[in-house]
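Asker: Below are the sequence and a predicted model; questions follow.
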Amino acid sequence: MQMQGKKIVLGVTGSIAAYKAALLVRLLVKEGATVQVVMTECAKEFITPLTLSTLSGRPVLSEFFSSSSGAWNSHVDLGLWADAMIIAPATASTIGKMASGVADNLLVTTYLSMKAPVVVAPAMDLDMYAHPSTQRNLDVLRSYGNHIIEPASGELASHLSGKGRMEEPCNIVSMLKDFFFGNSALKGKKILITAGPTYEKIDPVRFIGNYSSGKMGFAIADECAKQGADVTLVAGPVSLATPHPSIKRIDVESALQMHDAAVEAFESCDAAVLSAAVADYRPAVQCDRKIKRTSENMNIELEANPDIAARLGSMKRDGQLLVGFALETNDAEQNARLKLEKKNLDFIVLNSLADKGAGFAVDTNKVTIIDKEGASSYPLKSKKDVARDVVAHLSKMLLMLLLILLPCSVQAQELNATVALNTTKIQGTNTEAFTVLKDALTEFINNHKWTEYDYEEYERIACNFTFIVDSYSDDGSFTCTLMVQATRPVFGTTYSSMLFKYEDRGIKFSYQPYDRLEFNEDNLENNLTAVIAFYSYMIIGMDMDSMGELGGADFLNKAQNIANNAQNLGDSGWRAGSSDNNRYAVIDDYMNGAMEPLRRLMYRYHRLGLDTMFKNADGGRKVITECIGMLKEAYENRPLAYITKLFTEYKQEELVNIYSNEGGEDEKKAVTEILTEINPSLSDSWNKIQNSSFR
Ligand code: PMT
């Protein structure tokens with residue numbers, strides 16, 4: 001019931017695909033939406049009003065006046081009432097009427113009165129769809145801010161095969177849910193984006209420009225808007241549409257105009273991404289008349305344009321982020337770093353024209369994201385996917401900023417740990433040492449300052465350390481098994497998801513009641529505090545990985561350093577190669593470059609998957625399915641690494657629940673196969689995924 005309370009006007013037009021409107025109504029009603037169907041006369045030839053009114057529970061409207069009561073069916077009221085209007089199927093004829101305002105039926109008048117976002121799902125024959133007239137009308141609708149759901153390819157009513165099939169109702173509902181409740185990582189943030197080229201006028205017919213199409217910047221604007229941001233897009237001369245309603249577009253032509261618009265907007269923004277290809281120079285004189293050919297050679301004197309990025313860099317306040325692009329042809333990384341520094345950017349996205357498929361005009365790009373901490377290179381991807389990577393890096397940095405800017409007066413620290421000491425294996429022993437040890441450990445974990453950040457009480461990470469004492473002697477030497485686990489809340493629910501769970505056997509240490517537990521990173525003398533510090537950093541790092549892509553690197557590196565240094569302590573669990581699943585191997589695996597897909601999935605799985613599932617079950621689950629693909633990639637990169645298997649162990653129950661009764665047959669099959677390959681010992685659970693009933 002994720003669309004509970006949402007009011008939807010569904011416009012149905014005369015297409016063979018009108019039968020799909022019945023399923024669409026049913027799915028919307030099932031999700032809790034109130035659906036008012038408005039249909040054209042022609043649509044009634046394909047599906048009866050009775051079917052749609054029965055399914056929606058409301059009379060279907062199609063005439064300006066009710067034929068029974070004579071009352072006026074107010075399209076104006078409908079326009080004010082609705083939270084969204086969907087026109088599905090939308091024929092070429094209705095699309096044309098919408099584009100040119102031909103208000104000769106109730107559906108089009110309702111559309112023209114609509115205050116809410118409009119979603120259009122075209123359905124027609126492939127030639128009609130491809131016709132320039134239809135394409136031009138769709139572009140006009142896009143320019144009005146309408147959202148077009150591209151038709152799918154497949155067999156059409158004409159028995160021809162091609163693009164023109166109306167998108168399946170379940171996908172339309174899932175897009176609507178995304179629209180209403182999509183990933184909200186950037187909710188409340190204002191983001192400025194520059195995109196496209198600038199044109200520097202020489203005379204009324206000529207300009208200095210470049211090949212930028214705006215595709216990269218528009219994809220970033222779209223991604224930011226999808227993640228809930230309010231976007232101001234300052235666009236140079238491009239022929240692209242901005243369908244998302246949260247994007248405010250300012251069209252400019254020259255670098256000076258782009259400069260003025262960007263400076264004005266940046267003041268109230270949380271971040272700016274400058275992807276425009278701005279001309280560095282403009283003609284010193286712009287002629288009012290066309291310059292005539294008078295001699296063989298001609299010189300144009302140029303003067304420098306302002307550097308918009310550098311200007312915003314000088315204006316940047318605490319709490320604001322500035323992201324630049326660098327388009328290079330040679331010495332790429334070195335030049336990009338210089339720009340990062342000189343323009344006071346927080347990170348820079350490098351693309352090089354030396355890479356095939358990267359840069360201007362194409363639909364793909366290959367980038368390296370460089371910040372003060374280092375550089376991450378990505379393979380060639382669609383500009384949409386590159387935009388996702390850039391925005392993920394941006395939201396991670398915004399999150400970090402937030403943590404840094406938190407007030408310093410807080411008492412609480414990072415971990416909210418409970419400690420348990422289980423002594424059932426050594427009954428009959430004097431328990432005084434254990435009681436004191438439990439209190440000392442609780443205090444040590446919870447009050448130690450593991451990071452330089454100050455956590456609010458509500459931000460502390462829930463974790464649990466259970467020591468099962470295997471042996472103890474009066475001289476204070478212990479042998480223990482430690483069960484450590486950490487969870488994170490799923491946003492908007494009371495449910496917590498396991499972030500890390502591990503059983504560490506054979507830990508040896510000495511403790512006499514009232515010994516002080518101390519920890520020194522440079523001098524690991526005490527095995528007990530070294531082990532606790534190791535897991536504390538691991539938990540904090542994994543929590544941050546789940547909050548921003550690869551966000552926990554600093555703390556995970558600390559955990560890895562402890563594991564490296566502690567090899568000298570001579571205790572089991574720290575030594576490389578002593579077993580494939582000791583704590584040294586666990587962190588070493590996790591931080592190994594080959595495991596990057598696993599680290600990246602931590603963010604996607606938790607923030608984009610689980611955190612959105614409660615309001616968008618399908619969308620969230622699809623992200624989780626993508627993550628299982630990433631897990632497979634990590635597994636294939638290093639099949640012997642224990643960490644991928646460990647992940648499947650502590651996510652086992654959650655994954656079974658996620659796919660029970662949800663997801664398509666192929667999706668469940670693929671997920672089951674991957675999980676079984678990674679961890680065949682849990683195949684009983686994975687089979688439950690495959691065998692759960694299908695929707
Ligand atoms: O638009 P597309 O066809 O999709 O192509 C995308 C792209 C190649 C244009 C894009 O990916 C890109 O690289 N944009 C930046 C191009 C550029 O001008 O790079 P630069 O290295 O010259 O500039 C460095 C940074 O300073 C950029 O963020 C640029 O926006 C900014 N700048 C440059 C000059 C200037 N006068 N003012 C600026 O703000």
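Answerer: Great, that's in hand.
Asker: contacts and neighbour counts: CA atoms only from here.
Answerer: OK.
Asker: Flag every residue of the stretch 51-200 of the chain that's near the ligand.
Answerer: Counting by CA under 6 Å from any ligand atom, the stretch 51-200 of the chain comes close to the ligand at residue 196.
Asker: Output the below-cut-off pLDDT ranges for the stretch 51-200 of the chain.
Answerer: 67-70, 156-158, 178, 180-184 (pLDDT under 70).
Asker: can you pull out the strands in it?
Answerer: For the stretch 51-200 of the chain, applying DSSP state E, counting those that start in this stretch gives strands covering 84-90, 118-122, 147-148, 152-155, 161-165, 190-195, 200-203.
Asker: Return the backbone torsion pair for the residue of the stretch 51-200 of the chain found nearest the ligand.
Answerer: Residue nearest to the ligand within the stretch 51-200 of the chain (CA to the nearest ligand atom): residue 196, separated by 4.7 Å. Backbone torsions of residue 196, given as degrees, to the nearest 10, read phi 80, psi -170.
Asker: now residue 450
Answerer: phi -80, psi -20.
Asker: Look up the pLDDT of it for me, please.
Answerer: pLDDT recorded at residue 450 is 92.
Asker: and it, what does it touch?
Answerer: Neighbouring residues of residue 450 by CA atoms under 8 Å, 6 or more residues apart in numbering: 413, 414, 536, 537.
Asker: Beyond the longest helix anywhere in the chain, next helix or strand please.
Answerer: For the chain, the helix that runs over the most residues, judged by DSSP state H, is helix 383-405. Next helix or strand after helix 383-405 toward the C-terminus (DSSP states H and E): strand 415-422.
Asker: What strands line up against that next one, and which way round?
Answerer: In the sheet, strand 415-422 lines up against strand 461-472 (parallel) (DSSP bridges).
Asker: what sits up against the next helix or strand after the partner strand?
Answerer: Sequence-wise, the next helix or strand downstream of strand 461-472 (DSSP H and E) is strand 477-489. Residues from elsewhere that reach strand 477-489 (CA under 8 Å, 6+ apart): 461-472, 495-511, 535, 539, 543.
Asker: residues of strand 477-489 that come out buried?
Answerer: 478, 479, 480, 481, 482, 483, 484, 485, 486, 487, 488, 489 (16 or more other CA atoms under 10 Å).
Asker: Residue 149: which of these is nearest?
Answerer: residue 489 (34.0 Å; CA to CA).
Asker: Beta-bridge partners for the closest one, please?
Answerer: In beta-bridge terms (that is, DSSP bridges), residue 489 pairs with residue 496.
Asker: Report the separation between it and the ligand.
Answerer: From residue 489 across to the ligand, the span is 37 Å (CA to the nearest ligand atom, to the nearest Å).
Asker: what about the closest residue to the ligand within the stretch 551-695 of the chain, how many residues close to it?
Answerer: At 23.0 Å from the ligand, residue 600 is the closest residue in the stretch 551-695 of the chain, using CA to the nearest ligand atom. Using other CA atoms under 10 Å, residue 600 has 19 other residues around it.
Asker: So it: helix, strand or coil?
Answerer: When classified by DSSP: H, G, I helix; E, B strand; the rest coil, residue 600 comes out as helix.
Asker: Identify the residues contacting it.
Answerer: 545, 549, 550.
Asker: re earlier: burial check on the nearest residue to the residue of the stretch 51-200 of the chain closest to the ligand once chain neighbours are set aside, number of neighbours?
Answerer: Spatial nearest neighbour of residue 196, excluding adjacent residues (CA to CA, 6 or more residues apart in numbering): residue 214 at 3.7 Å. Other residues lying near residue 214 total 23 when counted by other CA under 10 Å.
Asker: Contacts only, for residue 214.
Answerer: 195, 196, 197, 235, 236, 238, 240, 276, 361.
Asker: Tell me the one of the contacts of residue 450 nearest the ligand?
Answerer: Closest to the ligand, out of all of the contacts of residue 450 and judged by CA to the nearest ligand atom, is residue 537, at 35.4 Å.
Asker: how many other residues sit next to residue 500?
Answerer: By other CA under 10 Å, the residues close to residue 500 number 21.
Asker: buried set for the one helix or strand it maps to?
Answerer: Residue 500 is part of strand 496-510, with elements assigned from DSSP H and E. Counting neighbours by 16+ other CA under 10 Å, one finds that the buried residues in strand 496-510 are 498, 499, 500, 501, 502, 504, 505, 506, 507, 508, 509.
Asker: Check stretch 546-560 too.
Answerer: 546-553, 555-560.
Asker: now do stretch 185-198
Answerer: Buried residues in stretch 185-198 (16+ other CA under 10 Å): 185, 186, 189, 190, 191, 192, 193, 194, 195, 196, 197, 198.
Asker: just stretch 128-143 next, same as before
Answerer: Here stretch 128-143 shows 128, 129, 134, 135, 137, 138, 139, 140, 141, 142 as buried, counting by 16+ other CA under 10 Å.
Asker: Sort out for me which of those residues are in helices.
Answerer: Assigned to helices by DSSP H, the following of these qualify: 128, 129, 134, 135, 137, 138, 139, 140, 141, 142.
Asker: Am I right that the fifth one is in contact with residue 91?
Answerer: No. In terms of CA atoms under 8 Å, residue 137 does not count as a neighbour of residue 91; the distance is 11.5 Å.
Asker: How about the residues of this protein by the ligand?
Answerer: Residues of the chain lying near the ligand (CA under 6 Å from any ligand atom): 196, 212-216, 274-280, 305-309, 324-327, 351, 359-361.
Asker: Tell me how far residue 374 lies from the ligand.
Answerer: When residue 374 is compared with the ligand (using CA to the nearest ligand atom), they lie 18 Å apart.
Asker: List the beta-bridge partners for that residue.
Answerer: What pairs with residue 374, by the bridge criterion (DSSP bridges), is residue 371.
Asker: picking up where we left off before, for the buried residues of stretch 185-198, which one is nearest residue 624?
Answerer: Closest approach between the buried residues of stretch 185-198 and residue 624, by CA to CA: residue 185, at 16.5 Å.
Asker: export the contacts of residue 214 to CSV and tack on distance to residue 155?
Answerer: Listed next are the contacts of residue 214 as CSV, based on distance: CA to CA, whole Å:
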residue, distance to residue 155
195, 38
196, 38
197, 40
235, 39
236, 40
238, 34
240, 30
276, 41
361, 32
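Asker: Show me which pair in these is furthest apart.
Answerer: Going by CA to CA, the pair spanning the contacts of residue 214 furthest: 235 and 361, at 14.8 Å.
Asker: residues touching the residue of the stretch 51-200 of the chain closest to the ligand, list them.
Answerer: Residue 196 neighbours (CA under 8 Å, 6+ apart): 212, 213, 214, 215, 217, 235, 236, 237, 238, 275, 276, 277.
Asker: Any chance of the backbone angles for the last one?
Answerer: Dihedral pair for residue 277: phi -100, psi 100, per degrees, to the nearest 10.
Asker: what number of residues lie near it?
Answerer: Other residues close to residue 277 by other CA under 10 Å number 24.
Asker: Tell me the bridge partners for it.
Answerer: Applying DSSP bridges to residue 277, the residues it is bridged with are residue 197.
Asker: Give me the most central residue, the protein.
Answerer: residue 608 (5.5 Å; CA atoms, centre = their mean).
Asker: Pretty sure that residue sits in a helix.
Answerer: Yes. When classified by three-state DSSP, residue 608 is found to be part of a helix.
Asker: Hmm, it is touching residue 620, no?
Answerer: Yes. Taking contacts as CA under 8 Å, residue 608 lies within contact range of residue 620: 6.5 Å.
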